[in-house]
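Undergrad: starting from these lines, generate the structure:
(2 chains)
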2 protein chains.
Amino acid sequence: MTTEKKETDNTVFIGNKPFMNYATGVTMQFNKGAETVIVKARGKFISKGVDVAEVARRKFLADKNVTVENVTIGSEEFENKEGKMVNVSVISITLKKN
Amino acid sequence: MTTEKKETDNTVFIGNKPFMNYATGVTMQFNKGAETVIVKARGKFISKGVDVAEVARRKFLADKNVTVENVTIGSEEFENKEGKMVNVSVISITLKKN
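TA: This next block holds a predicted model:
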């Protein structure tokens, strides 16, 4: 008997691509049957991440009653090009189909 | 007998001013005795708001054990200069001294 590990691959990482790529990415995850989708962003992409989550939820998924289940923020340390350790803020937004 | 309404004026709205104005603003609220401080930001200022909350909490208030109590996101509708109703994303970050 194996314990089926329900790994959710339903995470959308926000980056340099056009806004709509991410908003449709989130929408498609729900349309494929995902119960939750997590939007993650770092640094300057955090504003875009919140916009993506809100637009996908309110516009594209208006018929699906998707709510913001949880939002967390934090900091991650990484080594920059000069070899110096720097901090970057991160956000994780969990959207849930009800 | 009056019910004393504990209106918290401990809200810091993020805008165009330098980053440090807001980070020190949050820090000063706690140093003046606030139990909680709320950081609010809209649109493109959301990333800055998360940075302000994280830097104030982790650097300036490192000795005070301030944690992120709650984060909410949402959308607000407003009328732009052309008289059109548009949506803007908002974030509200509640920091708490423990």
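Undergrad: looking at chain A, which helix is longest?
TA: The helix spanning the most residues in chain A, taking DSSP state H as the definition, is helix A:19-31.
Undergrad: in whatever helix or strand comes next after it, what's buried?
TA: Counting by DSSP states H and E, the next helix or strand C-terminal to helix A:19-31 is strand A:36-42. Going by neighbour count (16 or more other Cβ atoms under 10 Å in any protein chain shown), the buried part of strand A:36-42 is A:36-42. C-beta coordinates here come from the backbone N, C-alpha and C atoms, glycine included.
Undergrad: can you give me the angle the following helix or strand past strand A:36-42 makes with strand B:36-42?
TA: Counting by DSSP H and E, the next helix or strand C-terminal to strand A:36-42 is helix A:46-55. Orientation check (axes from the mean of the first three to the mean of the last three Cα atoms, to 10 degrees): helix A:46-55 against strand B:36-42 gives 80 degrees.
Undergrad: close to chain B, is helix A:46-55?
TA: Yes. Helix A:46-55 comes into contact with chain B (Cβ under 8 Å from any Cβ of the partner chain), by way of A:46-47, A:50-51, A:53-54.
Undergrad: nearest to A:Asn98 among the residues you listed?
TA: Proximity of the residues of helix A:46-55 next to chain B to A:Asn98 was ranked by Cβ to Cβ; the top entry is A:Ala53 with 15.2 Å.
Undergrad: OK, contacts around A:Glu79?
TA: Contacts for A:Glu79 (Cβ atoms under 8 Å, 6 or more residues apart in numbering or on different chains) come out as A:85-86.
Undergrad: that one bridge partners, please.
TA: A:Met85 (DSSP bridges).
Undergrad: beta partners of the residue nearest the centre of chain A?
TA: Central residue of chain A (Cα atoms, centre = their mean): A:Val39, 0.5 Å from the mean position. With DSSP bridges as the criterion, A:Val39 is bridged to A:Val12, A:Ile93.
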